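Participant: Sequence unavailable; structure follows:
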């Protein structure tokens, strides 16, 4: 659906009114809350829990669980293709075997909305299809007054529309009403066969956890627009594809596709009739949806998609994470990633997370770490980077500079053209003013992980600036904002923008082993950290956390740090620092503990020179040390 500039200007103007101080803004936001509550009231009574009848949990039997949606007063229920599954466990140790079984007899549990348990009804599976991931059930003796969910039209969806997911998240419906989560329509995958609907799959930023599979996804009017298939997971054998950019988002089968599938099933006649009609949509929420959609599309025109091609079979399939049991491996996305086009002549910003493993930067690496865990090895394995431009053309790009301290890399297209802004078809993003940043600001994360198969809309999620990590926090993310925008491998390197489409910063992931992905904890590298280092990056500078090459501890005298060991071939040894020296100052600033050293070295580049005041016996020396890189430091002697 194409909107004119006037149609765009009107929602933005109305949004300004929407966010005015009380009483105007408060009334408008209250209206949106009311619209949310109406949608929730419609979906809550129609969401059920589906378990295999007669299968009780035991050491040898494990019942599965799905959610479901009542779509008719006659007791018809929609769920996913795994409804009624249960697992039989036999043997022990190496002989242990798990067998998957299906039950067509289902216990439907209708939770009490006041948190007083649930009522159970017997049902049977009429149709089950695991390929599409859908099932149709019917309650054998449906009670009177059964609440059912009206069917909407998934073909009318846009990226940026509100969506609500509900289901038996982690089994919590046993003690309370089903769990509700809110988010956006983040991506719409076009269907090759339009006779089954416009979209093959819907992806949402609404949290989809274990047990929500089979539950409803509804729009702001509370109408059913799809059935939740589950979280898109790199570990799910049904969707295991390292190049799919939707990992960790909620995967949903569109209602139009389900309608086409069930059209020849006699029992399904009339169940999927579109109830949306021509009724006006909820007004205030629709304004906000329009702003999300239009702002996302404008920002999308300022993004490139980067195809990072690697040497040989070095496909980037694993992330290394440091946990309690040492260095572990996590599967990761290896398809195209996002970059922000910064200038007319082809400068591109992206996240170092897209180029190599960052665990060593955040946590350091044990001696036993495999080479591929090191950022430097990942960077060396890159054979070619192809930038897919907003106008559809492809241009090679190369890494020019890198700032591992804040998590960014700067790339340059190899063959810039005159009039590049027009040639690249870009909408260069203007940054927010310095005084913009406040906790609670609504932001959009806009990504372009589609490579040569550019979609009409970006991958879009929304959230807030939730926390500023202080500059003196001592963490790698010091000075950066935390956000609950859905941070995934495919959104890293994308733009974080405000509701006017201005650049807030770059989306980044530091430590997926600790923070997870789409967990509510991602990072925004603010423009205020990026802009001051751009000139240095353009000159080819590489900043890595500064490496001196010593082990030290506070000296017994209470002044300075005593050298316990010196790394062979490291910066300190090269400069003449020796074991048992006491470092009293760095660049004239007193040094009494390792924290002082971290503070005084913060912001230094590898390659920068620092002057150390050294006490050696009864002599005081001034020694200049050229700082090294922590990417792959030499081993201690």
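Facilitator: Everything's here; your move. In this text, all values refer to a predicted model and were calculated from it rather than measured experimentally.
Participant: okay, CA-based contacts and neighbour counts for the rest of this
Facilitator: Fine.
Participant: next one: phi and psi at the residue positioned nearest the centre of the chain?
Facilitator: Compute the mean C-alpha point of the chain, and by C-alpha atoms, centre = their mean the closest residue is residue 487, 2.1 Å away. Per-residue torsions, residue 487: phi -90, psi 110 (degrees, to the nearest 10).
Participant: what do you get for residue 182?
Facilitator: When quoted as degrees, to the nearest 10, the phi and psi of residue 182 stand at phi -120, psi 150.
Participant: what's around it, how many residues?
Facilitator: The number of residues packed near residue 182 is 17, by other C-alpha atoms under 10 Å.
Participant: try residue 380
Facilitator: By other C-alpha under 10 Å, the residues close to residue 380 number 12.
Participant: Then residue 505?
Facilitator: 26.
Participant: gap between whichever strand or helix holds it and the chain center?
Facilitator: Element membership of residue 505, judged by DSSP states H and E, is strand 503-508. Computed by C-alpha atoms, centre = their mean, to the nearest Å, the chain-centroid distance of strand 503-508 equals 13 Å.
Participant: list the contacts for the residue nearest to the centre of the chain?
Facilitator: 507, 508, 509, 517, 518, 519, 520, 521, 522, 523 (C-alpha atoms under 8 Å, 6 or more residues apart in numbering).
Participant: what's the answer for residue 553, then?
Facilitator: Residues near residue 553 by C-alpha under 8 Å, 6+ apart: 561, 562, 563, 564, 593, 594.
Participant: repeat that with 6 Å
Facilitator: Going by C-alpha atoms under 6 Å, 6 or more residues apart in numbering, residue 553 touches 561, 562.
Participant: With residue 473 as the reference, measure out to it.
Facilitator: As judged by C-alpha to C-alpha, to the nearest Å, residue 553 and residue 473 stand 21 Å apart.
Participant: same check, this time on residue 452
Facilitator: 41 Å.
Participant: Looking at the two, which is more packed in?
Facilitator: Taking other C-alpha under 10 Å, residue 452 and residue 473 do not tie; residue 452 has more neighbours (17 against 11).
Participant: can you give me phi and psi for the closest residue to the more buried one other than its chain neighbours?
Facilitator: In space, and not counting its chain neighbours, residue 452 is closest to residue 388: 6.2 Å by C-alpha to C-alpha, 6 or more residues apart in numbering. Per-residue torsions, residue 388: phi -90, psi 110 (degrees, to the nearest 10).
Participant: swap in residue 352?
Facilitator: Dihedral pair for residue 352: phi -60, psi -20, per degrees, to the nearest 10.
Participant: Residue 408 is in contact with that one, correct?
Facilitator: Yes - using C-alpha atoms under 6 Å, residue 352 and residue 408 qualify as a contacting pair, with a distance of 5.3 Å.
Participant: For residue 36, which three-state class applies?
Facilitator: Each residue gets one of three states, and residue 36 gets helix by DSSP: H, G, I helix; E, B strand; the rest coil.
Participant: Can you get me a residue count around the nearest residue in space to it that is not next to it in sequence?
Facilitator: Leaving out its chain neighbours, the residue that sits closest to residue 36 by C-alpha to C-alpha, 6+ apart is residue 220, at 6.5 Å. Close neighbours of residue 220, defined as other C-alpha under 10 Å, add up to 22.
Participant: SS state for residue 220?
Facilitator: The three-state assignment at residue 220 reads coil, by three-state DSSP.
Participant: So, low pLDDT: which residues of the stretch 351-500 of the chain?
Facilitator: 367, 416-425, 474 (pLDDT under 70).
Participant: re earlier: next up, phi/psi of the residue nearest to residue 36, please.
Facilitator: Main-chain dihedrals, residue 220, degrees, to the nearest 10: phi -70, psi -20.
Participant: Please determine how far it is located from residue 287.
Facilitator: Counting by C-alpha to C-alpha, the gap from residue 220 to residue 287 is 12 Å.
Participant: How about residue 257?
Facilitator: 28 Å.
Participant: In contact with residue 613, which residues?
Facilitator: Counting by C-alpha under 6 Å, 6+ apart, residue 613 makes contact with 583, 584, 585, 621, 622.
Participant: out of the residues you listed, who has the most neighbours?
Facilitator: Within the contacts of residue 613, most neighbours by other C-alpha under 10 Å means residue 583, with 29 neighbours.
Participant: Could you find the closest non-adjacent residue to that one?
Facilitator: residue 614 (4.6 Å).
Participant: List the contacts of the one you found.
Facilitator: Counted by C-alpha under 6 Å, 6+ apart, residue 614 has contacts 582, 583, 584, 620, 621.
Participant: Now tabulate the residues you listed in a markdown table and tack on pLDDT, secondary structure and distance to residue 102.
Facilitator: Output for those, formatted as a markdown table (pLDDT from 0 to 100; DSSP: H, G, I helix; E, B strand; the rest coil; distance: C-alpha to C-alpha, whole Å):
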| residue | pLDDT | secondary structure | distance to residue 102 |
| --- | --- | --- | --- |
| 582 | 95 | strand | 71 |
| 583 | 94 | strand | 70 |
| 584 | 94 | strand | 72 |
| 620 | 94 | strand | 79 |
| 621 | 94 | strand | 78 |
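Participant: can I get those in a markdown table with distance to residue 344?
Facilitator: Supplementary listing: these in a markdown table, determined by distance: C-alpha to C-alpha, whole Å:
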| residue | distance to residue 344 |
| --- | --- |
| 582 | 51 |
| 583 | 48 |
| 584 | 48 |
| 620 | 53 |
| 621 | 50 |
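Participant: domain ranges for the chain?
Facilitator: Using automatic domain parsing, the domain parsing of the chain gives 46-283, 294-543, 546-629.
Participant: Go through those and find the least confident stretch.
Facilitator: Here the lowest mean pLDDT among the domains of the chain goes to domain 294-543, at a mean of 85.
Participant: quick one: that domain to chain centroid distance?
Facilitator: In this view, domain 294-543 has its centroid 12 Å away from the chain centroid, taken as C-alpha atoms, centre = their mean.
Participant: start to end distance for it?
Facilitator: Domain 294-543 end-to-end distance (C-alpha to C-alpha) = 37 Å.
Participant: re earlier: and the buried ones among the contacts of residue 487, selectable in PyMOL?
Facilitator: For the buried members of those, the matching PyMOL selection, counting by 16 or more other C-alpha atoms under 10 Å, is:
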select buried, resi 507+508+509+517+518+520+521+522+523
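Participant: Just flag the most distant two among the contacts of residue 487.
Facilitator: Farthest-apart pair in the contacts of residue 487 is 507 and 519; separation 14.1 Å (C-alpha to C-alpha).
Participant: which residues touch the closest residue to residue 131 other than its chain neighbours?
Facilitator: Of all residues not flanking residue 131 in the chain, residue 81 sits nearest, at 7.8 Å (C-alpha to C-alpha, 6+ apart). Taking C-alpha under 6 Å, 6+ apart, we find residue 81 in contact with 128, 129, 130, 133, 134, 135.
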